[in-house]
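>>> here's my sequence, what's the structure:
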Amino acid sequence: MDLYGLIGYPLGHSFSAQFFNEKFSREGIDASYRSFELEDIGELMELLAELPELKGLNVTIPYKEQILPYLTWISPEASLIGAVNTVKIIHDEEGNVTALEGYNTDAPAFARTLAPLLPPKAISALVLGTGGASKAVCAALSALGVEYKLVSRTPDAGQLGYDHLTPEIMAANKLIVNTTPLGMSPKTEACPPIPYDELTGEHLCYDLIYNPETTLFMSRAAEQGATVKNGLDMLHLQALLAWNIWH
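Below you'll find the model as predicted:
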């Protein structure tokens, strides 16, 4: 039986194993999917040695960037983004791992789920967070022709801090995308520290988190009349894109 899995830390919030195992059962696929909590990315090679039946991995926080040095080949798209969320494991005839190929399915999944929500007129965005998921979101926004600014707790040159989010900046950026883990289960009482009272009915607030279904970021935005969306559709689509890569 082929094995697939998810690496990250922690993974208590993840729905990936449920999604794939239900797919395998429904479609009669002889495979299984497991979550592998790695406290350090250095444990990856040990995992591959212990489980030669592993054919593919999804990668989540905090390893989408840290995994890059372990990969034999990275797709041009993932290389441009600077983050990988899907790994195809190549074996020789004896079952030995000969290559690890890295891909990014986050960017196309985000773009496809965001596009139907965008207004016909031009819109600009604030992207909360600067990690691997943020890099995929920024690539997708560029592909969609959406200008964006990065917001970080520790901003680098050209980025904004949360204390820089003036009423004028909030009014000028009608799309807010949360790529941080703030509000993710089990710490659902957290949310990015943006000025929520500056949101309006013209704002679209997209949270990449899907567990819980409605984050505090989303609920506070909805209270101001903003349109909100969670990351569940993106999760499902990026998983299907990963399956296509593995096969």
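
>>> how about the strands in this structure?
2-8, 31-37, 54-59, 73-74, 86-91, 97-103, 124-128, 147-152, 160-161, 175-178, 204-207, 227-229 (DSSP state E).

>>> pull up the pairing partners for the fourth one, direction included.
This means strand 73-74. Strand 73-74 has its sheet partners listed here by DSSP bridges as strand 97-103 (parallel).

>>> which residues are contacting the strand it pairs with?
Strand 97-103 has contacts (CB atoms under 8 Å, 6 or more residues apart in numbering) with 48, 52, 67-68, 70-75, 77-78, 84-92, 242, 245. Where C-beta positions appear, they are placed from N, C-alpha and C, glycine not excepted.

>>> one more time with 6 Å
With contacts defined as CB atoms under 6 Å, 6 or more residues apart in numbering, strand 97-103 is touched by 48, 71-75, 78, 84, 86-88, 90-92, 245.

>>> and that strand, average pLDDT?
Across strand 97-103, the average pLDDT comes to 96.

>>> can you give me the buried ones in it?
The neighbour-count check on strand 97-103 (16 or more other CB atoms under 10 Å) flags L100, E101, G102, Y103 as buried.

>>> run a quick neighbour tally on the closest residue in space to the third one that isn't next to it in sequence.
Think G102. Spatial nearest neighbour of G102, chain neighbours left out: V84 (3.7 Å); criterion: CB to CB, 6 or more residues apart in numbering. Residues lying near V84 (other CB atoms under 10 Å) number 30.

>>> could you do G95 as well?
When neighbours are counted by other CB under 10 Å, G95 comes out with 8.

>>> wait, it sits on P52?
Yes - counting by CB atoms under 6 Å, G95 does reach P52; the two are 5.0 Å apart.

>>> for the residue lying closest to D207 once chain neighbours are set aside, which residues are in contact?
Among residues not flanking D207 along the chain, N178 sits closest, at 4.5 Å (CB to CB, 6+ apart). With contact set as CB under 6 Å, 6+ apart, N178 has these partners: L128, P192, D207, F217.
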